[in-house]
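Engineer: Okay, sequence plus prediction incoming.
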Amino acid sequence: MKLRDVAIGANASMYYRLDFKKIKGVFYPKTERDVILALQFANENDYEVTPKGGGSGLSGACTGGNQERIMLSSLQMKELLTISKDQGYVDVQPGATPDEINELLEPIAMKLWVAPSSRDIATVGGILSTDGGGNDTWVNGTMRDNTYRVRMVLSDGTPITVDQNGVKSENKHVAERLNDMKFSIHDVASSHGTLGFITELRLDIRPIEDEETVGGIVEYENYQEMGIAIAEMIERKSPIRYGETIVMAHDDVRGDLNPPLHILEVPKPYEEELNEIVNLTKLEPTELENMKEVRIKLPKRNPKEGIQMALFEGYGLHDDSLRRMQHSISEIDSLLMDNGLTPFAKYGHAPSKWYLGNNTAAYGIIMHSREIRPSEKTGEQIYEVVMQIVNKCQELGITPKPEHKWPFSDETKKKRLQDLRDVIGAGFNSFILDPECNEVLQTMV
Ligand SMILES: Cc1cc2nc3c(=O)[nH]c(=O)nc-3n(C[C@H](O)[C@H](O)[C@H](O)COP(=O)(O)OP(=O)(O)OC[C@H]3O[C@@H](n4cnc5c(N)ncnc54)[C@H](O)[C@@H]3O)c2cc1C
């Protein structure tokens, strides 16, 4: 494998201009012992460590920035160590993907229910580190909701185990200090590789069950109406099994679509109540599958002129920003257009769930957005617009969804990670928490 392939991985982010000379080694441990040896090498040479799974993370964190560093890959750690059907868990090494785990669970009709679209390439260690989930987090939660226990190695080579009862380690001093700080799986979730290298996870598995569902589309007059309907589904805890929106689509790819529209699937007995909230036009199963395909393919289509890019993928609209969706979207679009970018497509999971930096759950729409990039803009100028969007989101009460683009603006999470690193050491992925982080990322667009 070439160094370029390791460092970039499945990187679909806009951060891919790396200085490869800064990568001083690539390690493929198979066991915890191998991980400790790799860390010893990094410590002796004063190199940073960048944990790497499938490299599909979109925030730039999996690149490791521009520090002299080693890459510590989990791709040779894919073993399924224990399956307990009765107690509903698997113990697994961090480099396995959800698809790989589920293939092994198929004969016992059980499943890991965390399903990001990247489930064929993203590893469970990476998914917990970004707290990922699929379009069904509303039903199945994010990765942290499905993780019972984590084993990880800290920068000085100390292994620790974290579960609902706290931290255990042979290093009693570290365990005591982390327990005093109430260190938990919430801290590991969405830590973007800044705390240590995950070597093992205990994950929830549940039976595969048949359920009769009905599905269809809802067309809305405007964004406001859509936002209010989603807020009501959240309030009523509607059992939406599949909920995807097409918020807008540029004329070049719009075809017969009439956004804003919502593709919904619910258990058959819930259909009547759903119709109290929205006007569902039912579709035959094949038509429904076709609509899901349209949604999946939307971001993959191209404008007739120019190229599309995703400046900032995960807009988390919730509470006020959801109920004022018309205003929220107009403000974002004005900002884009003022900077010469043409809105191209907006779509996303709704209702959906994610966590804020203080570990409270947020519910709303995770809206992805794509724009047509003006050819004359440099990477630095594009990044400037990203920064403006971050500020605008803060003003509008929209939270960037961490696993997608922006772990770095959540001051609560950042402060917590810094406090923890004061106790456990700071050798992992430090650029993320560095005040210079934006300057670093800017050079990588
Ligand atoms: C086409 C596509 C579709 C996607 N769809 C979704 C989606 O539906 N939902 C979603 O949530 N995300 C989605 N993503 C984003 C991405 O897949 C997730 O962020 C994923 O969870 C990252 O997993 P990974 O193994 O690729 O990790 P990487 O990208 O390699 O790393 C991500 C972060 O985790 C850290 N890390 C990795 N392994 C370890 C470890 N063993 N120990 C400690 N830290 C570690 C890295 O340092 C980095 O900070 C998508 C990405 C792509 C390209």
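Structural biologist: Structure's in. What do you need?

Engineer: gap between stretch 65-83 and the chain center?
Structural biologist: 18 Å (CA atoms, centre = their mean, to the nearest Å).

Engineer: Can you get me the start-to-end distance on that stretch?
Structural biologist: 37 Å (CA to CA, to the nearest Å).

Engineer: Kindly report the residues of the stretch 51-200 of the chain close to the ligand.
Structural biologist: 51-58, 61-62, 74, 94, 116-118, 122-123, 125-127, 129-130, 132-134, 192-193, 197-198 (CB under 6 Å from any ligand atom). Heads up, the C-betas are built off the backbone N, CA and C, glycines and all.

Engineer: contacts for whichever helix in the chain runs longest?
Structural biologist: Longest helix of the chain, by residue count under DSSP state H: helix 379-396. Helix 379-396 has contacts (CB atoms under 8 Å, 6 or more residues apart in numbering) with 14, 17, 309, 311-312, 315, 321, 324, 327-328, 331-332, 335-336, 339, 341, 373, 399-400, 405-406, 409, 438, 441-445.

Engineer: Quick one: residues contacting whichever residue of the stretch 151-300 of the chain sits closest to the ligand.
Structural biologist: Using CB to the nearest ligand atom, the single residue of the stretch 151-300 of the chain nearest to the ligand is residue 193, 2.4 Å away. By CB under 8 Å, 6+ apart, residue 193 lies in contact with 50, 51, 61, 62, 129, 428, 429.

Engineer: at 7 Å instead, please
Structural biologist: 50, 51, 61, 129, 428, 429 (CB atoms under 7 Å, 6 or more residues apart in numbering).

Engineer: ok, now how distant is the last one from residue 196?
Structural biologist: Going back to what we said before, that points to residue 429. Distance, residue 429 to residue 196, using CB to CB, to the nearest Å: 10 Å.

Engineer: the more surrounded of those two?
Structural biologist: Just comparing residue 429 and residue 196: by other CB atoms under 10 Å the higher neighbour count belongs to residue 196, 29 against 26.

Engineer: surely the more buried one meets residue 154?
Structural biologist: Yes: at 4.5 Å, residue 196 and residue 154 qualify as touching, with contact defined as CB atoms under 7 Å.

Engineer: shared neighbours, those two?
Structural biologist: residue 424.

Engineer: Angles on the backbone of the one residue in the stretch 251-400 of the chain that gets nearest to the ligand, please.
Structural biologist: Here the residue of the stretch 251-400 of the chain nearest the ligand is residue 349; by CB to the nearest ligand atom that distance is 7.8 Å. Backbone torsions of residue 349, given as degrees, to the nearest 10, read phi -80, psi 130.

Engineer: Quick check: chain neighbours aside, which residue is closest to it?
Structural biologist: residue 135 (4.2 Å; CB to CB, 6 or more residues apart in numbering).

Engineer: Count the neighbours of that neighbour for me.
Structural biologist: Counted with other CB under 10 Å, residue 135 comes out at 22.

Engineer: List only those of the residues of the stretch 51-200 of the chain next to the ligand flagged as buried.
Structural biologist: Listed as buried from those are 51-58, 61-62, 74, 94, 116, 118, 122-123, 125-127, 129-130, 132-134, 192-193, 197-198; burial here means 16 or more other CB atoms under 10 Å.

Engineer: Mind checking which of these land in helices?
Structural biologist: Going by DSSP H, the helices hold 125, 126, 127, 129, 130 from these.

Engineer: okay if I get those as a markdown table plus distance to residue 142 and pLDDT?
Structural biologist: Shown next, in a markdown table, are these (distance: CB to CB, whole Å; pLDDT from 0 to 100):
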| residue | distance to residue 142 | pLDDT |
| --- | --- | --- |
| 125 | 15 | 98 |
| 126 | 13 | 96 |
| 127 | 9 | 96 |
| 129 | 12 | 95 |
| 130 | 9 | 93 |
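
Engineer: and the two most separated of the residues you listed?
Structural biologist: 125 and 130 (10.0 Å; CB to CB).

Engineer: ok so, going back, show me what contacts the residue nearest to residue 349?
Structural biologist: Residue 135 neighbours (CB under 7 Å, 6+ apart): 242, 244, 349.
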